[in-house]
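Asker: Just the structure for this:
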Amino acid sequence: MSEKYNYNTPVSEILMMPDGITVNKDYVDIILNENISVYCENKKDQIFRLMSFKTIYEKNNTFWLQEKNWKYFFTKDTLEKLKEKNVVKPSAEEPKEQKEPEEPKKAESPAVPETPVVRGFGTEYESIAAMSNTEKVKYLHNIKSKMDTLISISKKSKDRSSSTKAMVETTRDVVMINHSALENVFDLGDAEAKRATQSFVITTQEMVKANTQLISQNIFDNVLMNRLVEKSNGIIVQHMTRVYLSGISFLAYYNNFVSNRISIIDMRKSLNAKYRQYYQNLLPHISTDDIVLERVFHNGMIPIPPDLFVKWAVGFLIHDIGKAAAIEYHEGEESYNRNIVMNHVKLGYNSVMNKTNYPKEAALITGYHHEYYGNPEGYGYFRDSLERFKKTNPQAKQDYCMTFDLEPIMNYQALAYFPAKVLELVDVYDSITDPNRGYRKALTSNEALALMREEFITKKLKIDPILFELFTGFINEKKASSAKD
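Answerer: Okay, here's the model as predicted:
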């Protein structure tokens, strides 16, 4: 067993007096003041969580005596900290420097990795979920103030490390606050739920607006982001943080691309040779000569206006808000259950659309970001409603591949919603490069891009080929920028 993470000392042995009834308040006070955490082991599933002692204690001040489903332990580090405070004294049964005998590791006490990664929203989520609504809103306001200060400072200083750190930390906490807020109102009526979540919605949107300003100034370090994100141990939170920040960074890259007239001219020239057949297959009723950029992108490839940029960024932030702790992200795990995974899209869409006042654009992104251009391996709200529409309107055809606007997607004029197609790229890329997916080895950026081209374009058209080319340029630019730093 790892010496550093030997957590074989039960909480009850430290906190209970010899009579086995009285709690030693001296110990408890030190632990609370030092904000010490406790390892929690699920007896049935052997899942481990590192949680704040204070959070659990405030709900139940003798929780360690009620071990029906969980067992609670202190690490050696914790005991050392308490010794430094002259609280826990070495006992006769615990020699000061004696090494543990070398013996086989016990199955019930596995070594805990230095940064344990758990499914779901991670151990930090317990502290967030324990807050009252008033405390959560106050916390969001503090985050907003932090971002405002950062924007003010960034005008004088181009400190990418401070900006990136602040964006990662605030994104992580805002994701957890929003998920917790929606959990709390899920059983309420829609109108009541919208009132209860309104403060979260307003402040979250302000935080997102601040993020988009900072990223548009190129004050963002992708390599540092990945290192910082790993400090959060919840797989879902890690994923949502990376996808959100990478997603809005890619939108900024797209805006720079389409603002260059030469780039659009070059894209028109390459459409025929490189992409026309893909789009002809998607729109078989459109003549070959009419497969142009304005047919692929309803109204053409145009810059995203600031107000719409923020709405889409909000959608990126909350895109997996319907995820549950047991859900994995990408097809391939042995225990993969398609019905469970598909349900997170419906749950997220319904929650955002009906229980909050987030913009409709954000709700559509949560519901449509696994559509895959109608490929059978995809899923989502749009394909279900499109099938119903086709049954009652058998002669109707979709005349565009992607739309920026809501009306063409709601009226079934387009096959896909542009920001959802953008999010598909970022989402898939993050899934196959994520080192914490237990069912497959994480791919390098080059390997990931090669796999996406082969599996998601060449073999089966799921992601958009033109957007994929832009995304490849975006990833390569990030790599080049990191190499210079």
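
Asker: Torsion angles phi and psi at V38?
Answerer: phi -130, psi 140 (degrees, to the nearest 10).

Asker: middle-most residue in this structure, spatially?
Answerer: M240 (1.0 Å; Cα atoms, centre = their mean).

Asker: could you measure that one against V229, distance?
Answerer: For M240, the distance to V229 (Cβ to Cβ, to the nearest Å) stands at 10 Å. Glycine gets a C-beta too; all of them are placed from N, C-alpha and C.

Asker: sorry, back to before: what average pLDDT does the helix or strand hosting the residue nearest to the centre of the chain get?
Answerer: Assigned by DSSP states H and E, M240 falls within helix 235-258. Helix 235-258 shows an average pLDDT of 92 in the prediction.

Asker: In that helix, which residues are buried?
Answerer: For helix 235-258, burial by neighbour count (16 or more other Cβ atoms under 10 Å) applies to 235-255, 257-258.

Asker: Equivalent analysis for stretch 406-424, please.
Answerer: 408-409, 412-424.

Asker: with these in mind, which one is nearest to N393?
Answerer: Closest approach to N393 among the buried residues of stretch 406-424 (Cβ to Cβ): Y412, at 7.9 Å.

Asker: and the helix or strand hosting I30, what does it pack onto?
Answerer: Following DSSP H and E, one finds I30 within helix 25-33. Secondary-structure packing of helix 25-33 (3 or more Cβ pairs under 8 Å, 6 or more residues apart in numbering; DSSP states H and E): helix 11-15, helix 53-59, helix 76-84.

Asker: average pLDDT for the first one?
Answerer: Pointing back at helix 11-15 there. Averaged over helix 11-15, pLDDT sits at 81.

Asker: likewise the second one?
Answerer: Mean pLDDT, taken over the full extent of helix 53-59, equals 78.

Asker: one step back: same list, the helices and strands packed on helix 25-33, but as TSV with distance to D430 and mean neighbour count please.
Answerer: Shown next, in TSV, are the helices and strands packed on helix 25-33 (distance: least, Cβ to Cβ, whole Å; neighbours: other Cβ atoms under 10 Å):
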stretch	distance to D430	mean neighbour count
helix 11-15	37	18
helix 53-59	29	17
helix 76-84	32	15
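
Asker: Between those, which one is closest to M176.
Answerer: The nearest among the helices and strands packed on helix 25-33, by Cβ to Cβ, is helix 53-59 at 13.0 Å.

Asker: So what's the gap between that closest one and the chain middle?
Answerer: 26 Å (Cα atoms, centre = their mean, to the nearest Å).

Asker: Restrict the helix or strand following it to CA atoms and write it as CSV.
Answerer: Note on helix 53-59: by DSSP H and E, the next helix or strand toward the C-terminus is strand 70-74. Taking Å, rounded to 0.1, in the frame of the first residue of the first chain, the C-alpha atoms of strand 70-74 are listed here in CSV:
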residue,chain,number,x,y,z
TRP,A,70,-20.0,3.6,3.8
LYS,A,71,-16.8,3.3,5.9
TYR,A,72,-14.8,6.4,6.8
PHE,A,73,-11.0,6.7,7.2
PHE,A,74,-8.3,9.2,7.9
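
Asker: Which strands or helices does strand 70-74 pack on?
Answerer: Short answer (3+ Cβ pairs under 8 Å, 6+ apart): strand 70-74 packs on strand 9-10, helix 11-15, strand 37-42.

Asker: Can you tell me what sits against that strand?
Answerer: Residues from elsewhere that reach strand 70-74, judged by Cβ atoms under 8 Å, 6 or more residues apart in numbering: 7-12, 14, 36, 38-43, 63-64.

Asker: Y412 contacts Q398, correct?
Answerer: Yes - contact criterion Cβ atoms under 8 Å: Y412 and Q398 qualify, at 6.3 Å.

Asker: Next, the contact list for the nearest residue to V185 once chain neighbours are set aside, please.
Answerer: In space, and not counting its chain neighbours, V185 is closest to A193: 3.9 Å by Cβ to Cβ, 6 or more residues apart in numbering. Applying Cβ under 8 Å, 6+ apart to A193 gives the contacts V185, F186, N354, K355, T356.

Asker: redo that, cut-off 10 Å
Answerer: A181, L182, N184, V185, F186, D187, S351, N354, K355, T356, N357 (Cβ atoms under 10 Å, 6 or more residues apart in numbering).

Asker: which of these sit farthest apart?
Answerer: It's D187 and N357 that sit farthest apart of those, by Cβ to Cβ, at 18.5 Å.

Asker: So for these two, which residue has more residues nearby?
Answerer: Between D187 and N357, counted using other Cβ atoms under 10 Å, the more crowded position is N357 (14 against 8).

Asker: before we move on, back to that, now the residue nearest to the centre of the chain: how far from D320?
Answerer: According to Cβ to Cβ, M240 stands 5 Å off from D320.

Asker: Identify the contacts common to the two.
Answerer: Common neighbours of M240 and D320 are listed as V175, H179 (criterion: Cβ under 10 Å, 6+ apart).

Asker: Could you tell me the average pLDDT over stretch 404-414, please?
Answerer: Averaged over stretch 404-414, pLDDT sits at 95.

Asker: How far does it stretch from one end to the other?
Answerer: Distance between the two ends of stretch 404-414: 10 Å, counting by Cα to Cα, to the nearest Å.

Asker: for stretch 411-423, same thing?
Answerer: End to end - Cα to Cα - stretch 411-423 spans 22 Å.

Asker: That stretch: how far from the chain's middle?
Answerer: For stretch 411-423, the distance to the chain centre is 21 Å (Cα atoms, centre = their mean).

Asker: Can you give the domain ranges for the protein?
Answerer: Here the domain parsing of the chain from automatic domain parsing is 9-116, 135-484.

Asker: Between helix 235-258 and the host helix or strand of L308, find me the angle.
Answerer: For L308, the element it lies in under DSSP H and E is helix 306-317. Orientation of helix 306-317 against helix 235-258 (axes from the mean of the first three to the mean of the last three Cα atoms, to 10 degrees) gives an angle of 150 degrees.
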